[in-house]
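Visitor: I'll drop the sequence and a predicted model, then ask my questions.
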Amino acid sequence: MNALRSIAVTLTLVLGASIALPARVEAQRASESVLAREQFRAGVTAARESRWDDAAEAFQRSYELSPRPLTLLNLAGAYAQTGRLVESVEAYRMFLMERTGVTARMRTDAEAQLADLEPRIPRARIRVLGIAEGDVVRLDEYELSTASLEQPLPVNPGDHNVTVQRGEQDPIVVPFTLDEGATDDILVDARMLTAGAPVRGGPSTGGAIVGGDEEPTHPGTPLVEDPIFWLVLVGGALVVGGVVTGVVLGTQPGNTTIGNLTPGQIAID
């Protein structure tokens with residue numbers, strides 16, 4: 001009898017745990033949904049105040065918590081405003097792949113911004129002379145695969161560093177700067193590392209050739225649920241598309257043009 005009672009208690013505990021688990025999961029999802037909305041609002045506020053780095057961070061966090069197309073559209077625009085053109089183009093492309101929660105007007109705006117941004121992305125052809133097995137090549141803080149070397153790699157405009165690390169030796173660091181729409185060859189001579197002697201005095205830029213004589217090119221290949229749900233919660237969401245700041249208006253039926261809309265701004269139908 002005691003054994004049967006013990007089994008009954010065990011079964012009750014197991015069944016109770018199986019019933020409680022979905023409730024805990026739903027509670028966690030609800031908490032993250034609330035946080036996603038709060039981060040979305042924070043991104044909207046930051047964008048209205050032209051604090052684009054803060055806006056991009058908030059929209060990115062909101063999208064990671066709850067991947068909605070409208071959040072992604074805002075994130076793409078915030079990236080463009082901060083000069084992160086590669087990330088902006090990728091975000092616009094991801095947005096255009098969405099099949100639900102996207103209006104025709106939103107899609108048209110994203111396509112227009114994408115067409116404007118793609119030619120503005122600079123490209124760097126990185127070539128490493130004397131590269132050896134095990135060498136690590138980085139563009140800024142990101143490690144590059146060998147497949148990307150000597151190819152026109154999309155980068156954001158501005159200052160960058162190519163670093164070649166071999167074992168415990170001090171790395172070779174080559175700084176370079178690219179303007180919008182430019183294409184340059186970045187040559188790093190790693191043959192000075194062949195002897196295995198560490199380079200003294202810190203990172204070296206010896207043997208580096210930066211720049212080229214080629215004309216800038218204009219590359220064409222780059223790097224959520226219902227949006228009304230977000231508009232109702234936010235009460236008027238700011239959509240930033242490229243360099244154009246637009247307003248998505250959550251309005252009552254039959255009144256979709258409240259406010260003074262200018263070219264590039266969007267009202268949800």
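Guide: On my side now, so go ahead.

Visitor: I figured Glu87 was touching Ala78, is that so?
Guide: No. With contact defined as C-beta atoms under 8 Å, Glu87 and Ala78 do not form a contacting pair (9.6 Å). Just so you know, the C-beta spots here come from the backbone N, C-alpha and C atoms, and that holds for glycine as well.

Visitor: ok, Tyr79 - contacts?
Guide: By C-beta atoms under 8 Å, 6 or more residues apart in numbering, the residues touching Tyr79 are 56, 85, 87-88, 91.

Visitor: okay, among the residues you listed, which ones form the most distant pair?
Guide: The distance between the two most remote of those (C-beta to C-beta) is 12.6 Å, for Ala56 and Leu85.

Visitor: between the two, which one's more packed in?
Guide: Ala56 (27 against 24; other C-beta atoms under 10 Å).

Visitor: Find me the pLDDT at the residue lying closest to that one once chain neighbours are set aside, would you?
Guide: In space, Ala56 comes closest to Ala78 once its chain neighbours are excluded; the distance is 3.9 Å by C-beta to C-beta, 6 or more residues apart in numbering. Note on Ala78: pLDDT of 97.

Visitor: got it, and Glu49?
Guide: Here the pLDDT value assigned to Glu49 is 97.

Visitor: ok, it - how many residues close by?
Guide: If we define neighbours as other C-beta under 10 Å, then Glu49 has 10 of them.

Visitor: again, but for Leu117
Guide: Using other C-beta under 10 Å, Leu117 has 22 neighbouring residues.

Visitor: In which helix or strand does Ala78 reside?
Guide: helix 69-81 (DSSP states H and E).

Visitor: same check, this time on Glu64
Guide: Counting by DSSP H and E, the element that carries Glu64 is helix 52-65.

Visitor: Report the buried residues of that helix.
Guide: For helix 52-65, a neighbour-count test (16 or more other C-beta atoms under 10 Å) marks 52, 54-63, 65 as buried.
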